[in-house]
Each structure stands twice: as structure tokens, then as C-alpha cells.
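Peer 1: task: produce atomic coordinates for the following.
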Amino acid sequence: MNTYYIIIAVASIIILSFLFNLLAKKTNIPSVLMLILLGVGIQLYHKPDTAPGGSEEWVMTILEILGNVGLIFIVLEAALDLKLKREKAGLIIKSFFVALIALLASSFAIAGLMMLIWQGNPDANSLFKCLMYSVPLSIMSSAIIIPSVSSLVKSKQEFMIYESTFSDILGIMFFYFLKDYAHTEGVVNIIGGVSLNIGVTVLIAIVASYLLVLLFQKIEASAKYFLMFAILLLLYALGKSFHLSSLLIILFFGLVLNNTQTFFLGPLKSMAKPLKMKESMHELHVITLETAFVLRTFFFVIFGITIMLGSLIDFQVALISIAIVAILFGVRYLLLKLFVKKDIIPQLWIAPRGLITVLLFYAIPNGHIDSHGAVLAQYNMDYDYTIQNFPDGILLYVILISSMIMTVSLILNRGDKVKDVLLDVITFKNDDNSLVDQIENSLSDKKEENLTELDETDSNNGDNDDAH
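Peer 2: Predicted coordinates:
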């Protein structure tokens, strides 16, 4: 293919993704859906042969690489949004337990539904295999939720940010726990293996995080951000090679970096330089957001290109997807009534599925790789955790339905009508008389948000200096 055509295609996709974000901000329709539809449109023009041994099998390799790197940036981005303050302890604990219980209850309920529906399928008789599919479907998407809840009141916004972040992290850990310990026999062996794994990972995470934060403070070069990213990618890959829970390293680094005053106490307090970190933290956050934006863009476009469109026109697939969504929101309703008690709207309806759901779905071993991701010389059925003929359309339907429910709830929550919002987008009403105006307003809003973040940081640092 002509090199210039590839450059044009890449640039066009990024530009379209930016425009999709503008539409998402105005309509609350997640840009993820638009990116998937863009990929589906490309597929209609050219359907790649991504099957094992196919002429374009490399597309799936790119999807896996984008997904894993994107996963690192999503966890880092989420950690950089978590402020650990004593006055927020109650909110953090409450959101943690809602996320944890919702994950476990939804996973086992959906797995039970799969076993009930596909009784004649030998693969679906295995609770383990059904869980491998149900866990990704039970994970909320912080990448979609965090930018979507800015219009909510502060308490609800913070709850959704914490809950979705915990859902991401706990869901990923639960999925890889199932995957890594599938062939471990005995409860004692499993508990011992998990304890050792987490213990070693946490120890590495603590040491590496403190060293990286100190290094981050000392480096003056402008390229230090991607140096840090490269080190994190290296630690993640090395950790996965030794079958460790590498995402804990990324999570802990982000938490330490964003909460230096909490982690650098006692004799370590003099080593933290909050004033020097202020501008660097802002730039790191922006670069992380921008990088995650690009990774998500191409991940979902390629996902749209590779999805099997035939399963979308299957009525049974649609019904199963609706049943799964009903379970997700049913469990969510019970937990919010239990923990939040009152005023659970619109939080109840904000539970979209996104990148992590898709990524983990593609990470299910299919017999050509072992449970730790190592490529096998030949197919091994002991490492085939897939359910034969599982309809890919369920994945897309759940993403579409959960995202549209969130969209409608957010539009209604701000007092608008869904029809009017969509018409305003088409006609550029509400003082947005041109696409240029929308872009300028978006950039202006972003600038104001960044200035606000800097002002808050200045205020906090000033208080700390006074106290010191």
C-alpha cells in the first residue's frame, strides 16, 4: 500500500476521533460507539482476513498490542485521577465495595445465564469458561465514564470516578487471577500462589514507585515523560513474563506520584518536592490523556473492522444481550440502594462497557497460547478456555446498549430532551453556529479546566508550605 495513503488514513482517523469527542461532549453519546461504527464502515469497504494463518492475521496482533499498551495508560490515567484524602475515606470505601460486589455478583449471575442458555454446548457447562466471558462484561469503563460525568454534582461525580476506576482495576485482577490459576489444584495452593504473587508484586511496586517518583523529580530533560512511560512498559512486560500482577505496579506508581504528600511521610517528607512536581504533574496528566486518546481511537476502530457483523442480525443474540444488560443493572440497583440508599439517579444508569471489556475478551486463551500468554508450538486443548461459536455480537450489543442507556440518562438528568439534543447537533443550535465554534469552545473549556487544576494545586501547596 502507498505510504502516503497510510499517513492520510491515520491522520483522518485521529481528526474524526477528535470530532467524535466534540459530538460526545454535546450529546453524551460516547465517542467509542462512533469509533466502532467507523471501523464497521471500513470493514464494509474491506474485510481483513484475520483468522489464524490468514493474509492479514497481523491486524489481531496490532489490536492486542494497542489493547495492552492502552490498558497501561488507562490504569495510569485512572490512578492520576485518584486523590487519597482522609475526608474522602468514606466515599472511597463505599465505592470500592460497590465495585467489588457488583463485579463478583454480575460475573457469577451472567455465567449462570450462559450455562442455562447453552446447555447443549459442552464448553458452556464449565463455570470457569463462562466466567472467562462474564467477567469482561461485568467491568465498567472508566475511560467512558470519567469524561462523561462532568455535569453531575460533585459528590455523584466523585463516586462514579472512584467506582469506575475500582471496577477497572478489580475486574482486570479477577480476570487474570482466573486465567493464571486455572490449572492450579487445591485451595491451599491457589491461596499460597496468589498471596506470593501479590506480595512480590506489591514489594516491587512500592520500591519501583518511590524510585521512579524520585527520578521523575530530578530529571530536567523535556523527554522525561516518555522515558517514564518506557520504564513503566518495561516493568509491565517483565512482570507479565514472570507471571506477576504487573498492573499493580502501574497503579501504585500513579497513586504515589499523585499523592506524594500522603506517601512521603516522616524521614521521606524532605525528599518530596511538591512545588517542583506541580507543573510536571500537569504536563504528565495531559500527555497521558493524549496518548490514551490515540490508543483508544485506533483500538476501537480496529475492533470495528474485525467484528463479525453476521451476529448482529441474530435475534437470539440480541435477546441474550438484553438479558445480560438487565442483570448488570439489576445488580447495580440493589447495591446502590444498599450503599447509597437515596438519590441513585442517574448513577444507576451510568455503567457503560468499553475498552477493557473488549481487550479481556480477546485475551481469553484459545489453545494457541498458555494461560500466561506464551505462544505454544501447537494447539493444546488444556489451554483453550473459549466457548465454541460464542457470538461476538453479544459483546458489541452490551457495549452499545449500556452506552446508549448512559447517554439517555445524562441527557434527561440535565433537563434536555433526547430528540432536541440530537437535532441541535445536526443544526448546530444553541450558539454553536459552526463546527469551528464548537472546536474553539472545546479548546477553551479544556484550557479553563487545566487552569483550575493548577490553581487548586497552587492552593494546596501554599497550605502545605504554611504548615511546614
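Peer 1: Ala143 touches Leu355, doesn't it?
Peer 2: Yes - with contact defined as CB atoms under 8 Å, Ala143 reaches Leu355; the gap is 5.6 Å. For every residue, glycine as well, the C-beta is placed using N, CA and C.
Peer 1: list residues touching both of these two?
Peer 2: With contacts taken as CB atoms under 8 Å, 6 or more residues apart in numbering, Ala143 and Leu355 have 32, 74, 296 as neighbours in common.
Peer 1: measure how buried the closest residue to the second one other than its chain neighbours is and give me the count.
Peer 2: By that I understand Ile74. Nearest non-adjacent residue to Ile74, counting by CB to CB, 6 or more residues apart in numbering: Ala143, 5.5 Å away. Ala143 has 25 neighbours, counted by other CB atoms under 10 Å.
Peer 1: dihedrals phi and psi, Ala143?
Peer 2: phi -60, psi -30 (degrees, to the nearest 10).
Peer 1: from Ser403, how far off is it?
Peer 2: 12 Å (CB to CB, to the nearest Å).
Peer 1: common neighbours of the two, please.
Peer 2: Listed contacts common to Ala143 and Ser403 are 32, 354; contacts here mean CB under 8 Å, 6+ apart.
Peer 1: out of the shared contacts of Ala143 and Leu355, which one has the weakest pLDDT?
Peer 2: On pLDDT alone, Ile74 ranks lowest of the shared contacts of Ala143 and Leu355, at 75.
Peer 1: ok but that residue is inside a helix, no?
Peer 2: Yes - assignment of Ile74 by DSSP: H, G, I helix; E, B strand; the rest coil places it within a helix.
Peer 1: how near is it to Leu212?
Peer 2: For Ile74 relative to Leu212 (CB to CB), the value is 19 Å.
Peer 1: mind listing what's buried along stretch 105-116?
Peer 2: 105-111, 113-115 (16 or more other CB atoms under 10 Å).
Peer 1: which ones among these map onto helices?
Peer 2: 105-111, 113-115 (DSSP state H).
Peer 1: which among those gets closest to Tyr133?
Peer 2: Proximity of these to Tyr133 (CB to CB) peaks at Met114, which lies at 6.6 Å.
Peer 1: looks like the closest one contacts Leu131 (just checking).
Peer 2: No - look at Met114 against Leu131 with CB under 8 Å: they stay out of range, at 9.1 Å.
Peer 1: show me the shaky parts of the protein.
Peer 2: Of all residues in the chain, those with pLDDT under 70 make up the ranges 1, 47-58, 183-188, 190, 221-222, 274-279, 370-374, 416-468.
Peer 1: residues near Val194, how many?
Peer 2: For Val194, using other CB under 10 Å, the count is 16.
Peer 1: equivalent analysis for Leu268, please.
Peer 2: Counted with other CB under 10 Å, the neighbours of Leu268 add up to 12.
Peer 1: for it, give its distance to Gly239.
Peer 2: For Leu268 relative to Gly239 (CB to CB), the value is 24 Å.
Peer 1: also Cys130?
Peer 2: 28 Å.
Peer 1: over to Ser134?
Peer 2: 26 Å.
Peer 1: before we move on, what about Leu233?
Peer 2: Distance, Leu233 to Gly239, by CB to CB: 11 Å.
Peer 1: these two - which one has more neighbours?
Peer 2: Per other CB under 10 Å, whichever of Leu233 and Gly239 has more neighbours is Gly239, with 21 against 16.
Peer 1: quick one on the thing from earlier: nearest to Met228 among the ones in helices among the buried residues of stretch 105-116?
Peer 2: Ser107 (33.8 Å).
Peer 1: contacts for stretch 350-357, please.
Peer 2: 30, 32, 67, 70-71, 74, 136-137, 139-141, 143-145, 148-149, 160, 168, 171-172, 296, 299-300, 328-329, 332, 395, 398-399, 402-403, 405-406, 409-410.
Peer 1: from the chain's centroid, how far away is it?
Peer 2: 7 Å (CA atoms, centre = their mean, to the nearest Å).
Peer 1: and that stretch, end to end?
Peer 2: In stretch 350-357, first residue to last residue: 16 Å (CA to CA, to the nearest Å).
Peer 1: that stretch: which residues count as buried?
Peer 2: 350-357.
Peer 1: of those residues, closest to Ile307?
Peer 2: Checking those one by one against Ile307 (CB to CB), the nearest turns out to be Thr357, at 12.9 Å.
Peer 1: which parts of the stretch 251-400 of the chain are helices?
Peer 2: Applying DSSP state H, counting those that start in this stretch to the stretch 251-400 of the chain gives helices spanning 260-263, 274-306, 315-339, 355-362, 393-413.
Peer 1: with distance to Ala182 added, can I get those helices in a markdown table?
Peer 2: Formatted as a markdown table, those follow (distance: least, CB to CB, whole Å):
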| stretch | distance to Ala182 |
| --- | --- |
| helix 260-263 | 35 |
| helix 274-306 | 26 |
| helix 315-339 | 23 |
| helix 355-362 | 15 |
| helix 393-413 | 21 |
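Peer 1: out of those, which gets nearest to Ser17?
Peer 2: Closest among these, using CB to CB: helix 274-306, at 4.1 Å.
Peer 1: the closest one: which residues count as buried?
Peer 2: Here helix 274-306 shows 274, 277-278, 280-281, 284-285, 288, 291-306 as buried, counting by 16+ other CB under 10 Å.
Peer 1: which residues in the stretch 151-300 of the chain form strands?
Peer 2: For the stretch 151-300 of the chain, applying DSSP state E, counting those that start in this stretch gives no strands.
Peer 1: isn't Asn125 up against Met114?
Peer 2: No - Asn125 lies out of contact with Met114 (CB under 8 Å); the separation is 10.0 Å.
Peer 1: now the nearest residue in space to Gly239 that is not next to it in sequence: how far from Phe253?
Peer 2: Spatially, and ignoring its direct neighbours in sequence, Gly239 is nearest to Ser246 (3.3 Å; CB to CB, 6+ apart). For Ser246, the distance to Phe253 equals 11 Å [CB to CB].
Peer 1: just Phe315 next, same as before
Peer 2: Counting by CB to CB, the gap from Phe315 to Phe253 is 47 Å.
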